[in-house]
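Peer 1: return a 3D structure for these sequence lines:
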Amino acid sequence: MKDLYVISGVTGMTGNELARQLTRAGHTVLGFDNFFASSLATVADLAGHPRFLFKEYDLNNKDEMADIQKEVLARKSDFDRVVYINCAAVVHTEHFYHIDRTFETNVTGMKAFLDQAIAVGADCYINCSTSEVYSMASWAEGGVKESDYLTMATAEHSQRTSYAAGKLLTEFFMKDAVDSGKIKGCSIRFANVYSKNERYPKHIIPHILRSLAEKGEVELLENSRKNKRTFLHNIDSCAAVIALINAEAALDGTVYNVATEEEISIVDLVALCGSLLGIEHPAITFRGFRASDPERRLLNTEKIRSRTDWRPRVTLEEGIAACVEEMRRRA
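Peer 2: Next up is the predicted model:
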């Protein structure tokens, strides 16, 4: 079976690795990106690949999206399935507090892309959401479940929640489309995804690695004295997407947590990064504070594990070692 995958945000952390895994499996990827949070360098190894079709397009540009739709309709008869995957997301921390920067792409853009998938008769739509929707209720014994009630921070507390609220709305769009019989699909709440191709040092792992490599020390928020997180390598996050696509019974419009159980404190994360860089006992300066930042974010992944054969394969140490190797290669 050879499929056509239409991927928004294809040069981003999830999109570029999806394109890599899918083309390797013999499928064709029609991907686009406006480079808001990435660059063509993340898919340099796919340049010229006969099954990787790239366009520098913006999800919010109606003319460009009409061209994507036209191309899908012209090609779809050559494939067994057409699958849409929405990876476009204004996700970076610096934009969390600005609702105008997140709403257009994360809400209206997602809905327009979903409508296009329905219009072309796509077989499946995967909506990449976020574990941010759990906000301050990000931990429970055994991890928070998809069925748990959400306790997000209020508008008075933090505009950061506008990002999570927008993503939550996309999950309702997804569920409604499936329940209405318009398309099959599901939403995925990813934990903190990281990659060797991550180019934004404001995310915690590249921030730590770059700071240690350049200065031998790192500055963190006061929150980091207590905070713990799990980190999901993008090889594993993309494997989860593919596993769900290939499990038809899982495409029921509902939500799936995708995460690891390898929890680590941010302070210990600095120590791990330091050891992989050959820096023992790296110095940490704590400065600043972020409101509505949960101390822990631990997701229960029983649902996806029970419905697919997906399991995370890349340990945190292995993943960060790969990040260090790539950083040194670029230096």
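
Peer 1: what's the burial count for residue 283?
Peer 2: By other CB atoms under 10 Å, 13 other residues sit near residue 283. All C-beta spots, glycine's among them, are computed from the backbone N, C-alpha and C.

Peer 1: that one and residue 215: what is the separation?
Peer 2: 9 Å (CB to CB, to the nearest Å).

Peer 1: with residue 250 instead?
Peer 2: Distance from residue 250 to residue 215, by CB to CB: 45 Å.

Peer 1: the more surrounded of the two?
Peer 2: A direct count of neighbours by other CB under 10 Å for residue 250 and residue 215 places residue 250 higher, at 20 against 11.

Peer 1: residue contacts, that one?
Peer 2: 186, 244, 256, 304, 307, 308 (CB atoms under 8 Å, 6 or more residues apart in numbering).

Peer 1: of the residues you listed, which is the nearest to residue 278?
Peer 2: When those are compared for distance to residue 278 (CB to CB), residue 304 wins out at 36.8 Å.

Peer 1: tell me what the helix with the most length in the chain is packed against?
Peer 2: The residue-count maximum for a helix in the chain (DSSP state H) belongs to helix 161-179. Counting by 3 or more CB pairs under 8 Å, 6 or more residues apart in numbering; DSSP states H and E, the packing neighbours recorded for helix 161-179 are helix 99-103, helix 110-119, strand 124-130, strand 185-190, strand 252-258.

Peer 1: can I get the ones you listed in a markdown table with mean neighbour count, distance to residue 220 and mean pLDDT?
Peer 2: Listed next are the helices and strands packed on helix 161-179 as a markdown table, based on neighbours: other CB atoms under 10 Å; distance: least, CB to CB, whole Å; pLDDT from 0 to 100:
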| stretch | mean neighbour count | distance to residue 220 | mean pLDDT |
| --- | --- | --- | --- |
| helix 99-103 | 17 | 24 | 77 |
| helix 110-119 | 19 | 32 | 98 |
| strand 124-130 | 26 | 22 | 95 |
| strand 185-190 | 26 | 23 | 97 |
| strand 252-258 | 21 | 26 | 98 |
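
Peer 1: so where is the stretch 151-300 of the chain shaky, pLDDT-wise?
Peer 2: For the stretch 151-300 of the chain, the stretches flagged by pLDDT under 70 are 156-160, 199-201.

Peer 1: ranges for the strands of it?
Peer 2: 185-190, 192-194, 217-220, 228-233, 252-258, 263-265, 283-286 (DSSP state E, counting those that start in this stretch).

Peer 1: could I get those strands as TSV with distance to residue 318?
Peer 2: Compiled in TSV, the strands of the stretch 151-300 of the chain are given as follows (distance: least, CB to CB, whole Å):
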stretch	distance to residue 318
strand 185-190	19
strand 192-194	12
strand 217-220	21
strand 228-233	8
strand 252-258	18
strand 263-265	14
strand 283-286	24
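
Peer 1: between these, which one is closest to residue 115.
Peer 2: Per CB to CB, nearest to residue 115 of these: strand 185-190, 12.8 Å.

Peer 1: what residues does that closest one touch?
Peer 2: Taking contacts as CB under 8 Å, 6+ apart, the residues outside strand 185-190 that touch it are 14, 124-131, 133-134, 146, 170-171, 174-175, 177-178, 232, 237, 240-241, 244, 250-259, 299.
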